[in-house]
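Trainee: coords please:
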Amino acid sequence: MPKILTKDELQARFNNRMNMSELQLEQLFGNKLTSMQKRYLEKGIRYQLIYDIETSDFDPEQNFIICYCGIVRDILTGKIEKVQDSITKKDIQQAVNNQSFDFDKRLLETLSYNIRNVDHVVGHYSTKFDNPYFRSRCLFTNQSELIPEYGEVNYGDTWRMMKTTMKAKRNTLKNFIRQTTGNDEKTFVDLKYWYITHFKDHKLWTKAMGYIIDHCVKDVKMTYEGLLKAEKFNSIQRMKA
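Mentor: Sure, this is the predicted structure:
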């Protein structure tokens, strides 16, 4: 006969992201869980970050993260919280004073905090771009301690969901959201704004930052809305990406 665990033992098992049975989940969280909640919770996932970054270019050695936006989702209650950060003129000035281009040094700290305070991190193409870019920037800014250790965080990717379970002309966020919700809010990438972020005294710097942050917010919103549709017919990814 299997050992009956106490609530504290069940909580510890959940905190360690150990697979749990439906009965154990009901003992810990109650018996009014949806099938989707059970699928996440049985894998130790309660808090999920859906996020996106915007960068000044694709090379992390010569460039930086301009901003990130995210939605923290509580699988158990359904509540969401929005998080975001962006470089400031003060960040740029401090980096210039230090004779570096580490405009995102402070931003990397807050992004690391938000990543490490959830059980599951999801983005569109994030296992190929956002996550690796973040790690590279941490290394280039001598902040390797900000990188979660292998296995500390689980990762998912709506791009992989699309690639393996849907048929699209291209596996872009634009096509992902059009297939899953029919609601495409993708904004045009006007590269002049991304370029202007290098120069804090440019007369359009504030406008450029606002444009880019708005672009990022919309990308996260689309990723989140598409995820709610696609997760129903996909496995719960727990990659160590």
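Trainee: name the element the residue nearest the centre of the chain belongs to?
Mentor: Central residue of the chain (C-alpha atoms, centre = their mean): residue 51, 2.9 Å from the mean position. Assessed by DSSP states H and E, residue 51 sits inside strand 47-55.
Trainee: nearest spatial neighbour of residue 44, skipping sequence neighbours?
Mentor: Counting by C-beta to C-beta, 6 or more residues apart in numbering, residue 44 lies nearest to residue 17, which is 3.1 Å off, once chain neighbours are set aside. Backbone N, C-alpha and C define where each C-beta goes, glycine included.
Trainee: and that neighbour, what is it in contact with?
Mentor: 43-45, 119, 154 (C-beta atoms under 8 Å, 6 or more residues apart in numbering).
Trainee: pipe these into JSON lines and attach neighbour count per row.
Mentor: Formatted as JSON lines, the contacts of residue 17 follow (neighbours: other C-beta atoms under 10 Å):
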{"residue": "43", "neighbour count": "20"}
{"residue": "44", "neighbour count": "18"}
{"residue": "45", "neighbour count": "20"}
{"residue": "119", "neighbour count": "20"}
{"residue": "154", "neighbour count": "21"}
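Trainee: and the residue nearest to residue 44, how far from residue 194?
Mentor: Applying C-beta to C-beta, to the nearest Å, the value for residue 17 to residue 194 is 37 Å.
Trainee: ok, residue 106 next?
Mentor: With C-beta to C-beta as the criterion, residue 106 and residue 194 are 20 Å apart.
Trainee: CA atoms only: put stretch 158-177 into PDB for me.
Mentor: C-alpha atoms of stretch 158-177 as PDB (Å, rounded to 0.1, in the frame of the first residue of the first chain):
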ATOM      1  CA  THR A 158       5.200  28.300 -28.600                       C
ATOM      2  CA  TRP A 159       7.400  28.100 -31.700                       C
ATOM      3  CA  ARG A 160       8.000  24.400 -31.000                       C
ATOM      4  CA  MET A 161       4.300  23.900 -30.400                       C
ATOM      5  CA  MET A 162       3.600  25.500 -33.800                       C
ATOM      6  CA  LYS A 163       6.400  23.600 -35.500                       C
ATOM      7  CA  THR A 164       5.300  20.200 -34.300                       C
ATOM      8  CA  THR A 165       1.500  20.400 -34.000                       C
ATOM      9  CA  MET A 166       0.400  23.000 -36.600                       C
ATOM     10  CA  LYS A 167       0.900  23.700 -40.300                       C
ATOM     11  CA  ALA A 168       2.000  27.200 -41.200                       C
ATOM     12  CA  LYS A 169       3.800  28.900 -44.000                       C
ATOM     13  CA  ARG A 170       6.400  30.200 -41.600                       C
ATOM     14  CA  ASN A 171       6.700  29.500 -37.800                       C
ATOM     15  CA  THR A 172       6.600  33.200 -36.900                       C
ATOM     16  CA  LEU A 173       4.600  34.700 -34.000                       C
ATOM     17  CA  LYS A 174       2.500  36.500 -36.600                       C
ATOM     18  CA  ASN A 175       1.400  33.200 -38.100                       C
ATOM     19  CA  PHE A 176       1.100  31.600 -34.700                       C
ATOM     20  CA  ILE A 177      -1.400  34.100 -33.400                       C
END
